[in-house]
Structures are given as C-alpha cells and as structure tokens.
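In: Provide a 3D model corresponding to the input given below.
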Amino acid sequence: MGFADIHIHTIYSHDATTTVRGVLKQASSVGFDVIAITDHDDIRGAFDARELASQYNIEVIPGVEVTTKDGHLLALYVEQIPRRGLPLEDTLKIIKDLGGIAVAPHPFNQLPGSLSMDNVVGILTKPALKNVLRGIEVYNMTTQPFDERVKRLSAYLPFSQTAGSDAHVHWAIGTGKTEFRGRTAVDFRTALEQGITIPHPYEKELMWKYLFNWLRRITMRRLGYVSHAAATEDRVSTQRMDLRFTRTQRVRLKQKNIGTD
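Out: Numbers count the residues shown, from 1 in each chain. All right, here's what the predicted structure looks like:
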C-alpha cells in the first residue's frame, strides 16, 4: 500500500510559502510515494516538481486547483490549465478532454471557494461528467470544523474519499494522507477511479496553529523569505530568495489556460 497527498501548494500559489524543492523534500521525509502539486490556477510548480521528483524517490501528479464559478476543483493528471471562472460543468468537460480526473476539495461548507452539495450531486445527473469527478476530500487540515459533516455526507455518494493537507506551509505536508493499493501515480489513479482509496486524517487539532503559522510565514514571504531545501540532503529551512520569477516568468505553451469563450 502507498500513501499520497494530492493537495499541496508551492510558491507558485500567491498564498503559499514553500519552494518546489522544499515541498519535495518535506513530502519525501514524511514518506509519501505520490503527491500532486495543485497551485491556484497555475501548473508551473507541478511541472518543475515532476522534473525533480526522481531525486526524492517520489512521483508527482501534474495538477492545478482551478477556480471555477461554483468553487475550487482539483484537476489531476492534466498538462494544461482549465480557464478560471467557468461553471463547474464546463470545467469538468475540459478536464475530461485533457484526459484528467477531478477531486472536490474542502466541499460542503460556507467558506469561499468551496463546492456546495448541490454542485456535486448535480454532476451525478450528467452521464458524460460523472466519471470525471472521482473524489471528495473528506479531510482537509484547513477546514477541520467541517470534516465530520463532509465525511458523513460523502458516505452516500459514489466518490472516492481522500485526505489532503492543503499545505501552504511546509510542515503541514503529511497532515492528511490517502492510502491506496500500489506505489505509483498510475496506481493512485486506478484506486481513485475504483473508489478504493482510504483517507487518513491528522491526529490532533492543528487548524489554529496552522493559521497563525501561515500568517507569519506569508508575511515573511512578502519580505523575501520562504521555506526551501537547496539540495536533497538539506533540511527545509527559511531562506531568502528572489521571488520575482513567480510573477514575471513567461508561461510555457503547454500551461496556457484553455476553455470555452
């Protein structure tokens, strides 16, 4: 059996504080076999991580957390970014065309960016789309107060259950784990499609500690300090870096947003 975290952010997300190498180092140290980099409407971090992953004995699923009109959606196994702001149904159509699958992150609550129960259940009435949305995140360290409700409701829905860290700081990686049969990214996709993943939650209340730590670290990021590990043998530590590349680097052709007009 292998373990995966399919909801991780790097500094390519405006609100995250760990470099790609820092994420890979932390994920490897925790013992993950597979991770997905799912930055907000940006896939560059996923591509960078995939190129470096073999150095850390880990596999990376290319992904992105897409901002849909109805809430956030994790698009996995994709090489392009669905255009932000589209309805959930249209976004799922694009993910299908890209050969990917999707997971609903931190759903069924009143927080901004979360899909509602009606959004998710509505997909079950769309035969062409119900095999694209494959999972529901029943544990998310940043939305702990809602997790029990989500787990209870999702028990009646035909989706795999996942646990994700939604890590925006490095130490949060590993606070949510999804167990699956096998060790590879292909194995994980098979388990997700067959509905046989096993979510493992964090063992203690971490949300408030996480939020306070995130506020401190996002302030440090604005001053040029992020969590980074320059080499595979280094531990993750706070280092000063030039972050202009995340704002000015030209987007590769494969990364262009695609979608309906």
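
In: measure residue 92 to residue 147 for me?
Out: As for residue 92, its distance to residue 147 is 24 Å (criterion: CB to CB, to the nearest Å). No exception for glycine: its C-beta is placed from N, CA and C like everyone else's.

In: more neighbours, these two?
Out: For residue 92 versus residue 147, neighbours defined as other CB atoms under 10 Å are more numerous around residue 92 (27 against 23).

In: for the helix or strand hosting that one, which helices and strands make contact with it?
Out: According to DSSP states H and E, residue 92 maps onto helix 88-97. Judged by 3 or more CB pairs under 8 Å, 6 or more residues apart in numbering; DSSP states H and E, helix 88-97 is in contact with strand 59-68, strand 71-76, strand 81-82, strand 101-104, helix 117-123.

In: got a list of contacts for it?
Out: With CB atoms under 8 Å, 6 or more residues apart in numbering as the test, helix 88-97 has contacts from 66, 68-71, 73, 75, 78, 82-83, 86, 101-102, 115, 119, 122-123, 126, 128-129, 132-133, 258-260.

In: pLDDT score for the closest residue to residue 141 other than its chain neighbours?
Out: Distance criterion CB to CB, 6 or more residues apart in numbering; nearest residue to residue 141, sequence neighbours excluded, is residue 175 at 4.3 Å. Residue-level confidence at residue 175 comes out at 91, pLDDT.

In: doesn't residue 142 make contact with residue 175?
Out: No. Between residue 175 and residue 142 there is no contact, the gap being 9.3 Å when judged by CB atoms under 8 Å.

In: distance check, the residue nearest to residue 141 against residue 91.
Out: Residue 175 is 27 Å from residue 91, by CB to CB.

In: just checking: what are the partner strands of the helix or strand where residue 36 lies?
Out: Using DSSP H and E, residue 36 falls within strand 34-37. Sheet partners assigned to strand 34-37 using DSSP bridges are listed as strand 2-8 (parallel), strand 59-68 (parallel).

In: residues contacting the shortest one, please?
Out: Counting by CB under 8 Å, 6+ apart, the neighbours of strand 2-8 from elsewhere in the structure are 23, 27, 30-38, 61, 63, 65, 74, 76, 103, 105, 137, 140, 162, 164-167, 173-174, 176-184, 187-188, 200.

In: shared neighbours of residue 175 and residue 142, anything?
Out: By CB under 8 Å, 6+ apart, residue 175 and residue 142 have these common neighbours: residue 210.

In: of these two, who's got more company?
Out: residue 175 (26 against 22).

In: the more buried one: what secondary structure?
Out: coil (DSSP: H, G, I helix; E, B strand; the rest coil).

In: OK, contacts around it?
Out: Going by CB under 8 Å, 6+ apart, the list of residues near residue 175 reads 141, 165, 167, 202, 206, 210.

In: how many other residues sit next to the fourth one?
Out: The burial metric for residue 202, expressed as a neighbour count using other CB under 10 Å, is 20.

In: want to throw the strands paired with strand 34-37 into JSON lines with mean neighbour count, distance to residue 222 and mean pLDDT?
Out: Converted to JSON lines, the strands paired with strand 34-37 look like this (neighbours: other CB atoms under 10 Å; distance: least, CB to CB, whole Å; pLDDT from 0 to 100):
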{"stretch": "strand 2-8", "mean neighbour count": "27", "distance to residue 222": "21", "mean pLDDT": "97"}
{"stretch": "strand 59-68", "mean neighbour count": "24", "distance to residue 222": "21", "mean pLDDT": "98"}
